[in-house]
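>>> fold the following.
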Amino acid sequence: MLRDCLVVGVEGTHASGKTTLAHALVAYYRERGVHVACVPEPARNSPFIEEIVVHGRGEFDVETEVDLFAAHLSNQLRTARRHTMIVADKTIANVLAYAWLVLPGGPDGPHGPVLRAMEAFCRAWSPAYDVVFYCCDRFEQQQIGDPYRAKVLDIQPAADRVVRSVCASVGQRVIDIPPNMSTGQRVAWIAERLTSLGLDPTSR
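Sure, this is the predicted structure:
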């Protein structure tokens, strides 16, 4: 926990329903009187990503990935400071996983020392998440007018494998959400699981 704040992570590859589920969980617990907020993933507010995706200038580089890594951590810390529960739209290990995928050579390439340092931090930080749920579904990725999603359309299966691999390598245990459920069913399933784990935020 961060300052007595329950930290729930929602993991998975892109287009697996993470963001939809994270916001639905927040709504569910707000309706039950929990002071909860969603920790958004930082890519859509990153000036580095905007330059690459929206304006078509440059490619993913180590500066972009380090900025996303730091922003994700900062978002989580600042949101936890003012709430009793936060739902993180992916974990910091996810940021590392995508850095492995998009940087030349991955951890064996020229930016290997930086990626290994990020991995070491992820390993040290993993206990900050009280529980992480993994979205196993893969939904249609094509969304008209969404250049951010279009940039990574072709790496969804690879991202799924690498995200799982990185989570395991840094000791970030994940609980798979059963596939083929509606968002409402996912929320109910997670709520039941939190209760069974002794993490029900409505009883704190």
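>>> now the most centrally placed residue in the chain: how far from Tyr134?
The centre of the chain sits closest to Lys90, judged by Cα atoms, centre = their mean, with a distance of 0.9 Å. According to Cβ to Cβ, to the nearest Å, Lys90 and Tyr134 sit 10 Å apart. C-betas here are computed from N, CA, C, even on glycine.
>>> and what of Pro107?
Taking Cβ to Cβ as the measure, Pro107 and Tyr134 are separated by 22 Å.
>>> swap in Ala27?
21 Å.
>>> those two - which one has more neighbours?
Set Ala27 next to Tyr134 and count neighbours by other Cβ atoms under 10 Å: Tyr134 wins out with 21 against 13.
>>> tell me how many other residues surround the nearest residue to that one once chain neighbours are set aside.
Leaving aside its sequence neighbours, Tyr134 sits nearest to Val174 (Cβ to Cβ, 6 or more residues apart in numbering; 4.1 Å). Counted with other Cβ under 10 Å, residues neighbouring Val174 total 21.
>>> tell me the phi and psi of Val174?
Taking degrees, to the nearest 10, you get phi -120, psi 150 for the backbone angles of Val174.
>>> surely it is in contact with Glu11?
Yes. When contacts are counted by Cβ atoms under 8 Å, Val174 is listed as touching Glu11 (5.6 Å).
>>> low-confidence regions, the protein specifically.
Applying pLDDT under 70 to the chain picks out residues 1, 54-55, 140-154.
>>> if we can go back for a sec, can you tell me how far the residue nearest to Tyr134 sits from Val163?
For Val174 relative to Val163 (Cβ to Cβ), the value is 9 Å.
>>> what do Lys90 and Tyr134 both touch?
Glu11, Gly12 (Cβ atoms under 8 Å, 6 or more residues apart in numbering).
>>> tell me the contacts of the residue nearest to the centre of the chain?
Residues near Lys90 by Cβ under 8 Å, 6+ apart: Gly9, Val10, Glu11, Gly12, Lys18, Glu41, His72.
>>> same thing but 10 Å
Lys90 sits next to 9-14, 16, 18-19, 22, 39-43, 72, 97-98, 132, 135, 163 when contact means Cβ atoms under 10 Å, 6 or more residues apart in numbering.
>>> so for it, what's the nearest residue that isn't a sequence neighbour?
Per Cβ to Cβ, 6+ apart, closest to Lys90 is Glu41, 5.4 Å.
>>> for the one you found, phi and psi?
Main-chain dihedrals, Glu41, degrees, to the nearest 10: phi -70, psi 140.
>>> list the contacts for it?
When contacts are counted by Cβ under 10 Å, 6+ apart, Glu41 touches 10, 14, 18-19, 22, 68, 71-72, 75, 88-90, 94-95.
>>> cool, and Val87?
Contacts for Val87 (Cβ under 10 Å, 6+ apart) come out as 6-10, 21-26, 28-29, 36-39, 79, 133, 190.
>>> longest helix anywhere in the protein?
helix 62-80 (DSSP state H).
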